[in-house]
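Asks: Below are the sequence and a predicted model; questions follow.
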Amino acid sequence: MAGHCRIPRYFTNEREITLKNGREQGAVLSVLKGRVGLENRQDFVVGLTGGIGAGKSAVAGFLREEYGVRIIDADCVCRDLLRLHARGWLALKKHFGNKFLQADGLIDRRRLRSALFEDKNLRQQLDGVLHPLVREEITSMVHYFAVHGGNRKLIVEVPLLFEAHWEHDFAKIVVVYAGNDQCRERLIRRDRVSPREAAIAIDSQWPLADKALRADHVIDNSGVWPDTCLQVAHLYGLLWGETDDKSPA
C-alpha cells in the first residue's frame, strides 16, 4: 500500500489515487493510527448499517445513483483485502493456515462464511484480524476526501458497525430496518441458503431493533420499495440540507 490509497471500483472511477508526496502520505498514515472520527475533520461522514437482508446496500445504491453520494462499502473493502496475497489474505493465512484456502490459494468464501456464522469464537478471531485492516483502508479513503474537498457527501456502509464499536467514527448513523421474517426471506432468495442458514446468519448479528435505538436516523425498509425511496429522499435533505427534487412519483 506504500504510496497509494486504494479506492475500490464502486467508490470512484479511478482504481487508485496516488498520493502526491511523502508529506501527504505521512498525514494519511498518521490518521490511520486514529479513527475516522470528527476530530480528524471527517464530520461529513455518515455511517450506514442494518441487519443482513434489511436492504442497506439498496438504500446506499439509491443515494449513489439519484444524488451522487459517494459510498464506501466495508464488505467490498474486505473482499479486496482478501484477494490472493493481499494484506487480509496474508493475515488470514498466518492465523488459520490453509483451513479456508482452495487448492489454487484463493479463499473458499462459502466455506468461510458458513464457518463464521456457526462459530462465534471464529468470528471474533477473524474480526480481530480483519477489522483493523478494513478500518485503515476506509480511513485513508475518507481522509483523502477531507484533504482534497470536492463532493463531501460520503456514506460508509458497515454491516457490523455497532458490533465492531465504530459508532463514534461518524457524524451521523443511519440504520436500515426490516423485520426478521423479511430479512430471512430476502436472504434465502438472494444467497440461496436454507432457512436454517439464514436464521443463523441473522442471529450472528445484533438485533435490528437494538441498532435502530442507537441510530440518528432509521429507514424502514419493511414495506414496498417506493415507500423506502421516499424515506431516503427525505433523509438526504436532513443530512445535507438540500431540497429534494428527485422523490419517486
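Replies: Now that the structure is in, tell me what you want to look at. Only a predicted model underlies this, so the values are computations on that prediction, with no experimental measurement involved.
Asks: What strand or helix carries residue 89?
Replies: Assigned by DSSP states H and E, residue 89 belongs to helix 87-96.
Asks: what do you get for residue 116?
Replies: Applying DSSP H and E, one finds residue 116 within helix 109-118.
Asks: How about residue 215?
Replies: With DSSP H and E as the test, residue 215 turns up in no helix or strand.
Asks: which residues does it contact?
Replies: Counting by C-beta atoms under 8 Å, 6 or more residues apart in numbering, residue 215 makes contact with 173-175. The C-beta positions use only the backbone N, C-alpha and C, and glycine is treated the same way.
Asks: Any figure for the gap between it and residue 199?
Replies: 24 Å (C-beta to C-beta, to the nearest Å).
Asks: With residue 217 instead?
Replies: 28 Å.
Asks: ditto for residue 46
Replies: Counting by C-beta to C-beta, the gap from residue 46 to residue 199 is 30 Å.
Asks: Those two - which one has more neighbours?
Replies: residue 46 (21 against 17; other C-beta atoms under 10 Å).
Asks: In three-state terms, label that one for me.
Replies: strand (DSSP: H, G, I helix; E, B strand; the rest coil).
Asks: Am I right that residue 197 is in contact with residue 117?
Replies: Yes: when contacts are counted by C-beta atoms under 8 Å, residue 197 is listed as touching residue 117 (7.1 Å).
Asks: Which of these two has more residues huddled nearby?
Replies: residue 117 (21 against 18).
Asks: thinking again about what came up before, counting contacts, what elements does the helix holding residue 89 pack onto?
Replies: On a contact count with 3 or more C-beta pairs under 8 Å, 6 or more residues apart in numbering; DSSP states H and E, helix 87-96 meets helix 74-81, helix 120-148.
Asks: Least reliable of the ones you listed by average pLDDT, please.
Replies: Here the helices and strands packed on helix 87-96 differ in mean pLDDT, and the lowest is helix 120-148 at a mean of 90.
Asks: Which neighbouring elements make contact with whichever helix or strand comes after it?
Replies: As assigned by DSSP H and E, the chain's next helix or strand after helix 120-148 is strand 154-157. Identification of packing neighbours for strand 154-157 by 3+ C-beta pairs under 8 Å, 6+ apart yields strand 45-50, helix 56-67, strand 70-73, helix 74-81, helix 120-148.
Asks: Could you give the separation of the helix or strand following strand 154-157 from the chain centroid?
Replies: Next in sequence after strand 154-157, counting helices and strands by DSSP H and E, comes strand 172-177. In this view, strand 172-177 has its centroid 12 Å away from the chain centroid, taken as C-alpha atoms, centre = their mean, to the nearest Å.
Asks: Format the CA atom coordinates belonging to the following helix or strand past strand 172-177 as CSV.
Replies: For strand 172-177, the succeeding helix or strand toward the C-terminus, using DSSP H and E, is helix 180-191. The C-alpha atoms that make up helix 180-191 are tabulated as CSV, following Å, rounded to 0.1, in the frame of the first residue of the first chain:
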residue,chain,number,x,y,z
ASN,A,180,-36.7,-10.7,10.9
ASP,A,181,-39.0,-12.7,8.7
GLN,A,182,-38.5,-10.3,5.8
CYS,A,183,-34.7,-10.4,6.3
ARG,A,184,-34.8,-14.1,6.4
GLU,A,185,-36.8,-14.5,3.2
ARG,A,186,-34.7,-12.0,1.4
LEU,A,187,-31.5,-13.8,2.4
ILE,A,188,-32.9,-17.1,1.3
ARG,A,189,-33.7,-15.7,-2.1
ARG,A,190,-30.5,-13.7,-2.5
ASP,A,191,-27.9,-16.1,-1.3
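Asks: Give the buried residues for helix 180-191.
Replies: 180, 182-184, 186-188 (16 or more other C-beta atoms under 10 Å).
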